[in-house]
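Engineer: can't give you the sequence, but here's the structure:
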């Protein structure tokens with residue numbers, strides 16, 4: 001993934017209380033595929049991840065507000081909702097340790113604090129796990145999943161330690177080789193526990209695989225297929241999603257062919273795909289694109305998609321800018337109840353306000369950028 005994560009070594013992005021509602025400030029209402037206007041199937045803006053500098057995972061107490069917990073269902077156009085065999089609660093977990101929460105606590109008198117607190121810090125977001133050391137990853141994952149389980153909520157974890165991460169770009173790093181990565185995944189899986197959890201497996205690992213030679217690409221995709229199997233075997237309630245890039249990158253059929261090699265069509269390793277991580281494509285465009293990818297992918301009809309809506313409220317910049325571009329805003333609130341066929345969730349995978357490297361050091365929190373995203 002093209003992002004400045006060279007300084008990123010561990011966990012830490014999350015925030016937010018719970019929101020099972022699709023309301024809020026997002027004017028980009030979810031639309032059907034028929035009404036979307038997909039961007040050309042060509043990569044025009046490089047996505048950026050949201051890992052942050054090392055932070056402790058020791059949870060601080062929170063007082064979550066209650067929220068309804070409807071089961072997740074999926075319906076085709078014109079048909080009644082179809083109940084999924086393994087449903088996920090609509091209660092997403094806000095991990096109590098993040099840069100935005102640290103900033104809010106430290107700046108109670110800042111005039112920007114009420115907006116940042118209510119529109120960003122009070123939303124659940126993903127926890128990125130990026131340290132490639134197998135010796136520590138299980139305890140880090142366990143700290144998040146146990147905290148979520150204690151509240152009866154669903155955490156979102158991002159596994160981000162694939163070898164040759166970002167193809168040597170700003171987020172380079174990851175495990176030294178695939179054998180080490182397999183051990184890392186084994187340790188990651190050991191921390192999952194037995195509760196509901198959403199795993200966003202290796203952003204850009206499939207969409208960016210073209211930078212690898214054919215044999216190295218095949219080995220990576222095989223390792224990703226193994227990763228999904230290991231995660232789901234360790235926790236049958238885990239839902240694992242694979243990298244579909246975004247609607248402005250690869251054609252759906254091309255992306256689906258790679259995803260099949262990565263195990264994304266197999267129920268033993270996959271619950272579907274994710275898209276738009278750290279990017280700005282509109283929800284409507286991503287819905288249309290993800291459905292095309294799923295159709296081309298094949299596999300069980302229950303496979304779905306999750307979309308990163310954290311910064312897509314105004315869509316992608318016309319000039320293709322990707323590094324903290326001006327004029328963007330937060331998107332749809334995180335929820336596991338989208339009301340859209342084959343779309344399992346809108347998630348905040350990239351935490352709004354964490355810099356791509358232009359508004360501040362990569363992965364650090366920029367209050368000015370957060371305020372601009374939340375107030376525009």
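Structural biologist: It's in. This one's a predicted model, so the numbers in the text were calculated from it and none came from an experiment.
Engineer: any idea which element the most far-flung residue of the chain relative to its centre lies in?
Structural biologist: The outermost residue of the chain, judged against the average C-alpha position, is residue 109 (31.6 Å), by CA atoms, centre = their mean. Residue 109 belongs to no helix or strand when assigned by DSSP states H and E.
Engineer: kindly report the same for residue 333.
Structural biologist: Of the helices and strands defined by DSSP H and E, none includes residue 333.
Engineer: repeat for residue 254
Structural biologist: Here residue 254 is assigned to helix 252-261, by DSSP H and E.
Engineer: could you name the helices and strands sitting against that helix?
Structural biologist: When contacts are defined as 3 or more CB pairs under 8 Å, 6 or more residues apart in numbering; DSSP states H and E, helix 252-261 sits against helix 214-234, helix 283-297. No exception for glycine: its C-beta is placed from N, CA and C like everyone else's.
Engineer: helix or strand right after that helix?
Structural biologist: strand 272-275.
Engineer: returning to what we had before: residues of the helix holding residue 254 that come out buried?
Structural biologist: The neighbour-count check on helix 252-261 (16 or more other CB atoms under 10 Å) flags 252, 254, 255, 256, 258, 259, 260, 261 as buried.
Engineer: would a markdown table of the residues you listed with pLDDT and distance to residue 222 be doable?
Structural biologist: Formatted as a markdown table, the buried residues of helix 252-261 follow (pLDDT from 0 to 100; distance: CB to CB, whole Å):
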| residue | pLDDT | distance to residue 222 |
| --- | --- | --- |
| 252 | 98 | 22 |
| 254 | 98 | 19 |
| 255 | 98 | 18 |
| 256 | 98 | 17 |
| 258 | 98 | 12 |
| 259 | 98 | 13 |
| 260 | 98 | 12 |
| 261 | 98 | 8 |
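Engineer: let me have the residues you listed in TSV, extended by distance to residue 234.
Structural biologist: Output for the buried residues of helix 252-261, formatted as TSV (distance: CB to CB, whole Å):
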residue	distance to residue 234
252	31
254	31
255	27
256	27
258	25
259	22
260	23
261	23
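Engineer: which one of those is nearest residue 332?
Structural biologist: Checking these against residue 332 with CB to CB, the nearest one is residue 252 at 21.9 Å.
Engineer: returning to what we had before: what about the residue farthest from the centre of the chain, distance to residue 277?
Structural biologist: According to CB to CB, to the nearest Å, residue 109 and residue 277 sit 34 Å apart.
Engineer: re earlier: next, the residue farthest from the centre of the chain: phi, psi?
Structural biologist: When read as degrees, to the nearest 10, the backbone of residue 109 gives phi -100, psi 0.
Engineer: and for residue 119?
Structural biologist: Dihedral angles (degrees, to the nearest 10) for residue 119: phi -110, psi -10.
Engineer: is it correct that it is in contact with residue 372?
Structural biologist: No: between residue 119 and residue 372 there is no contact under CB atoms under 8 Å: 11.5 Å.
Engineer: could you work out the end-to-end span of stretch 205-220 for me?
Structural biologist: 8 Å (CA to CA, to the nearest Å).
Engineer: repeat that for stretch 101-116.
Structural biologist: 9 Å.
Engineer: with stretch 190-208 instead?
Structural biologist: 28 Å.
Engineer: tell me the buried residues in that stretch?
Structural biologist: Buried residues in stretch 190-208, defined by neighbour count with 16+ other CB under 10 Å: 190-193, 195-208.
Engineer: what does stretch 368-376 give?
Structural biologist: For stretch 368-376, by 16+ other CB under 10 Å, it's 369, 370, 371, 372, 373, 374.
Engineer: on that earlier part again, dump the helices and strands packed on helix 252-261 into JSON lines; add distance to residue 152 as well.
Structural biologist: Below are the helices and strands packed on helix 252-261 laid out as JSON lines (distance: least, CB to CB, whole Å):
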{"stretch": "helix 214-234", "distance to residue 152": "20"}
{"stretch": "helix 283-297", "distance to residue 152": "28"}
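Engineer: most tightly surrounded among those?
Structural biologist: Highest mean neighbour count among the helices and strands packed on helix 252-261 (mean count of other CB atoms under 10 Å): helix 283-297, with a mean of 24.
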